[in-house]
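Engineer: got a predicted model here, sequence first, then my questions.
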Amino acid sequence: MADEKELRYEPAAIEEKWLERWAADPKLYAAEPATCGKPKYYVLEMLPYPSGQLHMGHVRNYAIGDALARQMWMRGYNVLHPMGWDAFGLPAENAALKNNTPPREWTLKNIAAMKRQFTRLGMAFDWANEVTTCLPEYYRWNQWFFLRMFEKGLVYRKKSKVNWCPQCATVLANEQVVDGCCWRHDDTRVEQRDLEQWFLRITHYAEELLDGLEKLDGWPEKVRTMQRNWIGRSEGTEVDFFLEESHQGPRDQETKGRRDQETQGRRDQGTKGPRDQGTEGPRIRVFTTRVDTIFGATSVQLAPEHPLVREFAAANPELKAQVEAMIAQQKAAKEAGDIGAIEKHGVATGHFALNPYNGERVPIWVANYILMDYGTGAIMSVPAHDERDFEFATKYGIEIRQVIKPLQNEDAAKLPFCSEEGVLVNSGTYDGLTCAEAQNQLQKAAARKGFGEAKVIYRLKDWGVSRQRYWGTPIPMMHCERCGLVAVPDAQLPVLLPDQIEITQQGGSPLGRVPEFVNTACPQCGGAARRETDTMDTFVDSSWYFYRYTDARNGEAPFDSAKARYWFPIDQYIGGVEHAILHLIYSRFWTKVMRDLGLVENDEPARRLFTQGMVLKDGAKMSKSKGNVVSPDEMIARYGADAARMYALFAAPPDRDLDWQEDGVAGVSRFLGRVYRLVVKYAPVARMAAGSATISAGNPVEVQLRRKLHQTIAKITQDFEGRWHFNTCVAAIMELVNELQGADGRLAAGEVAAPVVRELLQSLVLLLAPFAPLLAAELWEQLGGEGAVLHAPWPQSDPALAKEDEIEIPVQINGKLVSVVRVAAGSDAKTIEAAALADAKVQARTAGKNMAKVIVVPGRTVNLVVK
RNA sequence: GCGGAAGUGGUGAAAUGGCAAACACACCAGCCUUAGGAGCUGGCGCCUGAAAAGGCUUGCGGGUUCAAGUCCCGCCUUCCGCACCA
C-alpha cells in the first residue's frame, strides 16, 4: 500500500497528462458512421459566440452536455457531440473600430483562444466537424438557402419601419429591442426609420409552428408557452365598415360627433342595410375577435399611420397637425420604452362610417392605442364590452351601449362586461343568441353579403433578416438597371465578403463603400449591376448549424441528407433560456423549410430541450461593469478543471440559477483529493484481483459497502434518464466515498476481499467519469481498467445487492413522530404494527387510551390514531 | 395588467403525500504535523433548560388527509417572459 502521507492530489499534473494523451488521439470523441450498429445519440449544446473568453455560464452549459455525452458513450451509444462558433456579428466590428484589427482576424484569434479553454476543461467534442459560421465554406450555404427560399416565394422585400440603433448604426429586430433600447446598449434609445428590408416569410409556417409545439413534449412547458404567446394566434372576423361619402369640412368634432350618435343610435336597426348604401364605395376593414358585439360599436378607431388617416389629413390641416403630434408622441414613447404607460387619446376625423349590419352611422376617430402593424390597423370600438374602448369612450363622451347581457349575475351588469358568457341584446334579429352562436352567424352573414369573413391572425411577424453591417453573410442578390432584382446564380456562390474594408462608425452599409464588391455584371443581361449590400441577421447562421455538424466538410451541399436522416432529430439540445423564442423559433422554421425542400425528413430539429439556469455571483449576473466576473482560467489554475466543472453541477440543479461561490469549488476540489487518495491507496489491492476473480457471498462489511455502491449506481443511472439532478448525483458519490472512507480501517486490515475492493473502486471511478473525466481517466488507469474510461461500460446496479435487509419505520401517534422501530425489509403490515405496538415509548403514550385506528404503510410509516 | 417559475438553517441546497434539513460551504471544538489554501475526529435549524428533556419550525392565512415542504383555495414577496395584440 502506498504511503498516504505522500499522496497529494495535484490536479494540474494529472489533468495535463491526460489532456496530452487525449490530444494525441483525435478519434477519441469522433462520431461513428451510421453503419456501426450502435444506437445513435445526438447531444448538442448551443454554440458560443467567440468573444475570446469562456465565462462561467459556458462552463456550466458544457459541463452538463459533456456529462451526458460521456455517460451515453459509456452506455454504448454512437454519440455525436460537436462544437462550433457563432462567428458573425457586431462585436467583431466594434473590436475592429477599437483596436484596428480586422474582424476576421479578431474572430479567428478568439476562436483559437476559446478552443484552448474548451480543451483545457477536458470537453469531449468531436472537432472533426467543427463549424465556423464566418467562413465562406459555411456562409455560402446561408446564401444557397436564401436563394432556395427566394425561389419558393419565402423571401421578399418591403419598405418598413425598422428599429435603428444609432450606436450600432444598424437595424434591430423587434426582439433585439429591450425596453425601447438596444439589446447591446441598454443606454441607447432605438429610433424608428423607414428602409427597404429583406424578409423571410416565417408567417407562412405560423400555424405549423404553433401546432408543432403540442408534440414537443420533450421541451420545457415554459418555452412552449413563450413560443405560443410569441406566435399569438387569434381567431376573429374581418368586417368592412362603409365610408360615408359626404366629406365634410373641419368643425367642432367632439360635440358634433356626440350629437350624431344620440340621434343615430335610436334609429331602427336593420332598416338600412349595406345593400342600400356604399357597397361599392370605400371601406374600412377592421379586425375583431368579438363580432358578436358589433351592434355595440359606437365608433371606428384608426391607427395614426392608417392610409385613410393620411387621406383625411390631406384635406384637413388641423387634423393633420393633430395626427402628426400623435405619431411623434408615440414614437417618442416607443423610443423611451414606456409605450403602454402612455395615456389613451384620440381625435375625431369628422368622417363617419356605416355599420354593415344595420347601416348605423358611427364617427371615425384616430386613436393612439391602435397599432398599424397588428390586424388591419383599424378597429370597431365597443366600449360596453372592451376595457380599452371603455376607457376611451368615457374620456371622450362616446356612447356606451350594452349589447351583451351576462348569463349570471344579470343584475350586477357592471360595464365593461368583457366575458363571452352572455347573450345578445339590442342586436336586432340576433337578440337572444349566445356570443358563440352570434359570432358564427354574423360571420356567415358577412361572407354572404361580401363585407367580411372569418379570419385568423398572428402576432408573429415575418423575419426581417437585413442588416446594414459588414460582418455577416452577404445577401446573394443584385440590382440590375435593366432586369431589376436578380438572384446570384448558384454557380457564383459564395458571394465573398471582401477582406479589405475600412470599418467606420458611419451609418449605412459598410459594403456599399467597397466598389469592387458593389459593381458587378448582371448574370441575365451582362450589363452593369449593383450587389445588394445588406448582410444577413446572425440568427440565420444559428438556424441550421446543427445540420452542418453531421457533414461539416461537404463542399457540394449544405450536408448529406442521408447523414442528417441518421442523426436527426437532435436527441438532447441544451442551452440558455434566453434563446427560448428567437433562436429556437427560427431553427424550427428553418427545419420546416428544409423539409419542404426535401433535404430532411424531420419536422422539428430537437426532440428534447433543456434550458439551464444562469450563473450568478453574489446574486447578480456577472458583468464587467459590476466587477463580479469569475474567470474559468483562474478557477482551473487554482482547483483544476474537474473541480470547476463538478462544482458547476453540484451547486444547484442544472435548471436553476447558480450562485458561484469559490469556497464551494475548493470543497469539491478537496473531495476529489479524498477520492484520489482513497483509490490510489487501495489500487494495488484492486489490481491483485484482476482477471477472473469472482466475488463470494461476503462478510458484513463487504455486504454493506456493496449495498451502498449498488444503491448509488441505481440512483445516478436513474437521474441521467430522468430528472438530471446532477447535484444529488454528486452528493450520492460523496456519500459513497464517505462510507468507503469510514471503512478505511477494515479495508486496511484486509477485511474486504480484493475482488470486492476492485468492484467498489472501479465502479466509483466509472460513476465519477461523466463529472470529473480527467481524474477518472487517471484513476481508471491506476486501477488497471481496460481501455479508455470513456468506453468502459457504465456500471449496472444489482437490485438484490442494493436491497436493505432491515429498515427503520417511524411511528406516529396522531400524526406526531413518537418513535422509530426496526423491522426486516419487506415486512408486512401486521409485523410492522406489532413492532410499533411493542415499542416502549409507544406503550407509554397509549396506555389507557382508546386506539381508534391504525394506519400502516409497509416500508414507510405507522400512524396510530388515539383518543 | 396577463402568463410562468420560485420562496426550506448563517449559505448553496435535499426530501415517489410518510422521520424536514441528505450532501456540501461557513463556523465552533479537538487531534496531527517535515505548518498546508493540507489531513483526521466531533459539533452545528430555532426557542426554553446547567443538563436530562421538552416545545417550535419549510413566505402568510385557510382547507383536504390518519399524515402536507409536497395536493387545493386565497394572499404577500422575488425573479423571468409578454405587454394598448382589438
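Structural biologist: Ah, there it is.

Engineer: what pLDDT does the residue nearest to the spatial centre of chain A get?
Structural biologist: When C-alpha atoms, centre = their mean is applied to chain A, the residue found nearest the centroid is A:Ala580 (1.5 Å). For A:Ala580, the model assigns a pLDDT of 86.

Engineer: which one is it nearest to, not counting chain neighbours?
Structural biologist: Of all residues not flanking A:Ala580 in the chain, A:Val223 sits nearest, at 4.4 Å (C-beta to C-beta, 6 or more residues apart in numbering). Any C-beta I mention is one placed from the backbone N, CA and C, and that applies to glycine too.

Engineer: kindly report the same for A:Leu407.
Structural biologist: A:Glu421 (5.0 Å).

Engineer: quick check: that neighbour touching A:Pro406?
Structural biologist: Yes. Using C-beta atoms under 8 Å, A:Glu421 is in contact with A:Pro406, at 6.4 Å.

Engineer: these two: which has the busier surroundings?
Structural biologist: Using other C-beta atoms under 10 Å, the more surrounded residue of A:Glu421 and A:Pro406 is A:Pro406, with 16 against 12.

Engineer: looks like the more buried one contacts A:Ser419 (just checking).
Structural biologist: Yes. Under the criterion of C-beta under 8 Å, A:Pro406 makes contact with A:Ser419 at 6.9 Å.

Engineer: for the residue of the stretch 551-700 of chain A found nearest RNA strand B, which residues are in contact?
Structural biologist: The stretch 551-700 of chain A approaches RNA strand B most closely through A:Gly667 (2.6 Å), counting by C-beta to the nearest atom of the strand. Residues in contact with A:Gly667 (C-beta atoms under 8 Å, 6 or more residues apart in numbering) are A:Tyr647.

Engineer: list the buried residues for the helix or strand containing it?
Structural biologist: In this assignment (DSSP states H and E), A:Gly667 forms part of helix A:662-688. With burial defined by 16 or more other C-beta atoms under 10 Å, the residues of helix A:662-688 counted as buried are A:664-665, A:667-669, A:671-673, A:675-683, A:685-687.

Engineer: can you map out the helices along the stretch 701-850 of chain A?
Structural biologist: Under the criterion DSSP state H, counting those that start in this stretch, the stretch 701-850 of chain A contains helices at A:726-742, A:744-748, A:754-768, A:773-782, A:799-802, A:829-838, A:840-846.

Engineer: in the second one, which residues are buried?
Structural biologist: Taking 16+ other C-beta under 10 Å as the neighbour-count basis, helix A:744-748 is seen to contain the buried residues A:Arg746, A:Leu747.

Engineer: is that helix up against RNA strand B anywhere?
Structural biologist: No. Using C-beta under 7 Å from any atom of the strand, helix A:744-748 stays clear of RNA strand B, with a minimum separation of 7.5 Å.

Engineer: quick one: mean pLDDT for that helix?
Structural biologist: According to the model, helix A:744-748 has a mean pLDDT of 91.

Engineer: could I have it exported to PDB, CA atoms only?
Structural biologist: Taking Å, rounded to 0.1, in the frame of the first residue of the first chain, the C-alpha atoms of helix A:744-748 are listed here in PDB:
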ATOM      1  CA  ASP A 744     -10.800   2.600   6.000                       C
ATOM      2  CA  GLY A 745      -9.700   0.600   9.000                       C
ATOM      3  CA  ARG A 746     -11.400  -2.600   7.700                       C
ATOM      4  CA  LEU A 747     -10.000  -2.100   4.200                       C
ATOM      5  CA  ALA A 748      -6.500  -1.500   5.600                       C
END
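
Engineer: residues in contact with it?
Structural biologist: By C-beta under 8 Å, 6+ apart, helix A:744-748 touches A:Met1, A:Leu678, A:Tyr682, A:Val685, A:Val701, A:Leu740, A:Val752, A:Val757.

Engineer: for these, which one is nearest A:Pro773?
Structural biologist: A:Leu678 (18.3 Å; C-beta to C-beta).

Engineer: wait, that closest one sits on A:Gly742?
Structural biologist: No. Taking contacts as C-beta under 8 Å, A:Leu678 lies outside contact range of A:Gly742: 11.1 Å.

Engineer: now the stretch 601-750 of chain A, which segments are flagged as low pLDDT?
Structural biologist: Scanning the stretch 601-750 of chain A with the threshold set as pLDDT under 70 gives A:691-693.

Engineer: what residues does it have near RNA strand B?
Structural biologist: Proximity of the stretch 601-750 of chain A to RNA strand B, by C-beta under 7 Å from any atom of the strand, involves residues A:638, A:650-653, A:656-659, A:661-664, A:666-668, A:670-671, A:673-674, A:725, A:727-728, A:730-731, A:734-735, A:737-738, A:741-742.

Engineer: ranges for the helices of the stretch 101-250 of chain A?
Structural biologist: Here the stretch 101-250 of chain A has its helices, by DSSP H, counting those that start in this stretch, at A:103-120, A:136-151, A:206-215, A:221-231.

Engineer: got a markdown table for these, with distance to A:Val593 too?
Structural biologist: Output for those, formatted as a markdown table (distance: least, C-beta to C-beta, whole Å):
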| stretch | distance to A:Val593 |
| --- | --- |
| helix A:103-120 | 27 |
| helix A:136-151 | 6 |
| helix A:206-215 | 11 |
| helix A:221-231 | 17 |
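
Engineer: what is the orientation angle of the helix holding A:Gly667 with helix A:773-782?
Structural biologist: Angle, helix A:662-688 to helix A:773-782, by axes from the mean of the first three to the mean of the last three C-alpha atoms, to 10 degrees: 20 degrees.

Engineer: now do stretch A:595-607: distance to the chain's middle.
Structural biologist: Taking C-alpha atoms, centre = their mean, to the nearest Å, one finds stretch A:595-607 lying 19 Å from the centre of the chain it belongs to.

Engineer: now the end-to-end length of that stretch.
Structural biologist: Stretch A:595-607 has an end-to-end distance of 16 Å (criterion: C-alpha to C-alpha, to the nearest Å).

Engineer: contact partners for the residue nearest to A:Ala31 when sequence neighbours are not counted?
Structural biologist: Among residues not flanking A:Ala31 along the chain, A:Leu80 sits closest, at 4.3 Å (C-beta to C-beta, 6+ apart). Residues in contact with A:Leu80 (C-beta under 8 Å, 6+ apart) are A:Ala31, A:Lys40, A:Tyr41, A:Tyr42, A:Val43, A:Leu44, A:Asp126, A:Tyr549, A:Thr550, A:Trp567.
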